[in-house]
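Trainee: need the 3D shape of this:
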Amino acid sequence: MTTTSTVGRTGPGAAARTSGMPVPLARGVRTGVLASTSLTVGAVAHATAGGHVPGTPSLVVLGALTVALCALVARARSRVLVLVPFLALLQLVLHHGFMLAGAMPGGAAGSMPAMAGEHTAQAGHGVGAAMLVTHAAAVVVTAVLLAATERAARLAIAVWTWLLPALLGILVPVPPARPATVPFTARGARTLQQVLRSVAPRRGPPSGMPTVA
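Mentor: Just a heads-up that it's a prediction; the model follows:
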């Protein structure tokens, strides 16, 4: 006898059956949560380390790129061996995207380029260490949030699946069943008369006694 475990199934069909949602809906929800969480946490980490967060147009472009990358991973359920390396690579892509978008308007202009370059180099070493720590923390925070979100979504779907029939039963009461009516026909009347005659026959003089004239 062979048994198939649902833990090893990582395809989109198995993921949708486990989460209780259709395949396109489960894939879209997972893509949206993964992309929005990664972009938000990455931007906060980049700004915390002293980096420059670009404006809205650049964020829209980076958001579209993040959604496209997350759609590839969202085809399967979130697994640690796949999710953590992907999140680290995504934070690296977002970091360079923030740096390129922040450098597009132009660098600082001044009459002392040598001193400005030395100051930028010193600040770059400090920001580099802090940037590495914050983006690494962003990977951990994103992974924890995604795991908690997926677990909460499965719990919410299970509770709603159990609760919805009960709510429908309360809001839409079932009408009481009407008793079945049997038509009273002439044949039924004759049958009833035969039953009554057999139970209480007509009374008359005994058959053995002579009648008095």
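
Trainee: for the longest helix anywhere in the chain, name the packing helices and strands.
Mentor: Longest among the helix segments of the chain by residue count, using DSSP state H, is helix 113-171. Counting contacts by 3 or more Cβ pairs under 8 Å, 6 or more residues apart in numbering; DSSP states H and E, helix 113-171 is packed against helix 12-19, helix 23-48, helix 80-103. Placement of C-beta: from N, CA and C, glycine included.

Trainee: just these: most buried one?
Mentor: Ranked by mean neighbour count, the helices and strands packed on helix 113-171 are led by helix 23-48 with a mean of 19 (mean count of other Cβ atoms under 10 Å).

Trainee: that helix packs against which elements?
Mentor: Under the contact definition 3+ Cβ pairs under 8 Å, 6+ apart, helix 23-48 sits against helix 12-19, helix 56-73, helix 80-103, helix 113-171.

Trainee: in a markdown table: those, plus distance to Ala49 and mean pLDDT.
Mentor: Output for the helices and strands packed on helix 23-48, formatted as a markdown table (distance: least, Cβ to Cβ, whole Å; pLDDT from 0 to 100):
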| stretch | distance to Ala49 | mean pLDDT |
| --- | --- | --- |
| helix 12-19 | 35 | 44 |
| helix 56-73 | 17 | 90 |
| helix 80-103 | 9 | 86 |
| helix 113-171 | 4 | 71 |
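
Trainee: redo those as TSV? Include distance to Gly32.
Mentor: Formatted as TSV, the helices and strands packed on helix 23-48 follow (distance: least, Cβ to Cβ, whole Å):
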stretch	distance to Gly32
helix 12-19	14
helix 56-73	8
helix 80-103	15
helix 113-171	11
